[in-house]
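> Pasting a predicted model and its sequence here:
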Amino acid sequence: MKQVEIFTDGACSGNPGPGGWGAVLRYGSAEKELSGGAADTTNNRMELSAVIAALSALKEPCKVTLTSDSKYVIDAVTKGWAKKWQANGWVKSDKKPALNADLWEKLLALLEKHDVRFVWVKGHAGHPENERCDRLAVEQSMKYK
């Protein structure tokens, strides 16, 4: 399996409001930037969208180290919450509906295809790739203001 590094971030002005996401994929010395956004969204949707877009860009199953500042995404995957929500018909343990079920469905399917290890980094703390993804995300969110 090819070993790929992915860095992602999402941004939202207003939450909900105009948002954007950015991702950097690295395979050896090759890098690719991806970004996108939406006019009326949330920060968590943008964080999820970045991860989904980056994993979707991989043309074959890969061993991925995915670095993000999103506790929402990382904890929901690594602590098994998202799979539990899915198994319970997108209802959380507190009986409230799980948000962003459409995106979680896509992400969980991608996680079946790739071997992904999640790494959390503190946002806005000088991590070069996280700062780069943040810039991409903010640039995208500005297009919708």
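Arrived safely. Numbering: from 1, shown residues only.
> mind checking which helix or strand the residue nearest the centre of the chain is in?
In the chain, the centroid-proximal residue (C-alpha atoms, centre = their mean) is residue 51; its distance is 2.9 Å. Element membership of residue 51, judged by DSSP states H and E, is helix 43-56.
> Break down this protein into its helices, ranges please.
43-56, 71-78, 81-87, 101-113, 128-142 (DSSP state H).
> for those helices, which one ends up most surrounded?
helix 43-56 (a mean of 24; mean count of other C-beta atoms under 10 Å). The way it works is simple: take the backbone N, C-alpha and C, and place the C-beta from them, glycine included.
> which helices and strands sit right next to that helix?
Applying 3 or more C-beta pairs under 8 Å, 6 or more residues apart in numbering; DSSP states H and E, we find helix 43-56 packed against strand 2-12, strand 17-27, strand 30-41, strand 62-68, helix 71-78, helix 101-113, helix 128-142.
> Just the pLDDT at the residue of the chain positioned farthest from its centre, thanks.
Ranked by distance from the centre of the chain (C-alpha atoms, centre = their mean), the top residue is residue 95, with 24.8 Å. Predicted confidence (pLDDT) for residue 95: 96.
> can you pull the alpha-carbon coordinates of the helix holding residue 51 into PDB?
In PDB, the C-alpha atoms belonging to helix 43-56 read as follows (Å, rounded to 0.1, in the frame of the first residue of the first chain):
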ATOM      1  CA  ASN A  43     -17.500  24.400  10.700                       C
ATOM      2  CA  ASN A  44     -18.000  20.700  11.300                       C
ATOM      3  CA  ARG A  45     -19.400  20.100   7.900                       C
ATOM      4  CA  MET A  46     -16.400  21.800   6.400                       C
ATOM      5  CA  GLU A  47     -14.000  19.700   8.500                       C
ATOM      6  CA  LEU A  48     -15.800  16.500   7.300                       C
ATOM      7  CA  SER A  49     -15.800  17.700   3.700                       C
ATOM      8  CA  ALA A  50     -12.000  18.300   3.800                       C
ATOM      9  CA  VAL A  51     -11.400  14.700   5.000                       C
ATOM     10  CA  ILE A  52     -13.900  13.200   2.500                       C
ATOM     11  CA  ALA A  53     -12.500  15.100  -0.500                       C
ATOM     12  CA  ALA A  54      -8.900  14.200   0.400                       C
ATOM     13  CA  LEU A  55      -9.600  10.500   0.900                       C
ATOM     14  CA  SER A  56     -11.800  10.500  -2.300                       C
END
